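In: What follows is a protein structure lacking sequence information:
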């Protein structure tokens with residue numbers, strides 16, 4: 001945000017936005033980030049459908 005109270009912790013680019021692909025990406029993120037439970041907001045493309 002504009003007042004320095006948030007951080008980008010992950011960014012991914014993918015050709016497919018299907019449920020299996022996104023589940024795999026989220027699981028990978030969780031596996032390698034022990035503090036994933038502290039994530040309070042996820043922002044995605046407006047066209048994503050799962």
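Out: Perfect, thanks for sending it. Since this is a predicted model, take the numbers as computed values, not measurements.
In: show me where pLDDT drops low in this structure?
Out: 1-2, 46, 48-50 (pLDDT under 70).
In: try 90 this time
Out: Scanning the chain with the threshold set as pLDDT under 90 gives 1-19, 21-22, 38-50.
In: in it, which spans are helices?
Out: With helices called from DSSP state H, the chain shows them at 19-32.
In: Show me where it has its strands.
Out: Counting by DSSP state E, the chain has no strands to list.
In: Could you report the neighbour count for residue 6?
Out: Residues within reach of residue 6, counting by other C-beta atoms under 10 Å, total 11. Every C-beta, even on glycine, is put in place using the N, C-alpha and C of the backbone.
In: How about it: what's its closest non-neighbour residue?
Out: Computed as C-beta to C-beta, 6 or more residues apart in numbering, the closest residue to residue 6 that is not its neighbour in sequence is residue 41, at 7.7 Å.
In: Pop out the phi and psi values for the one you found.
Out: The phi and psi torsions at residue 41 (degrees, to the nearest 10) take the values phi -150, psi 140.
In: Distance check, it against residue 14.
Out: Going from residue 41 to residue 14 by C-beta to C-beta, to the nearest Å gives 20 Å.
In: So those two - more neighbours on which side?
Out: Each of residue 41 and residue 14 has its neighbours counted (other C-beta under 10 Å); residue 14 has more, 10 against 6.
In: Residue 22 versus that one, what's the distance?
Out: Distance from residue 14 to residue 22, by C-beta to C-beta: 8 Å.
In: Same check on residue 34?
Out: Residue 34 sits 21 Å away from residue 22 when distances are taken as C-beta to C-beta.
In: Who has more neighbours out of these two?
Out: For residue 34 and residue 22, the more surrounded residue by other C-beta under 10 Å is residue 22, and the numbers stand at 16 against 8.
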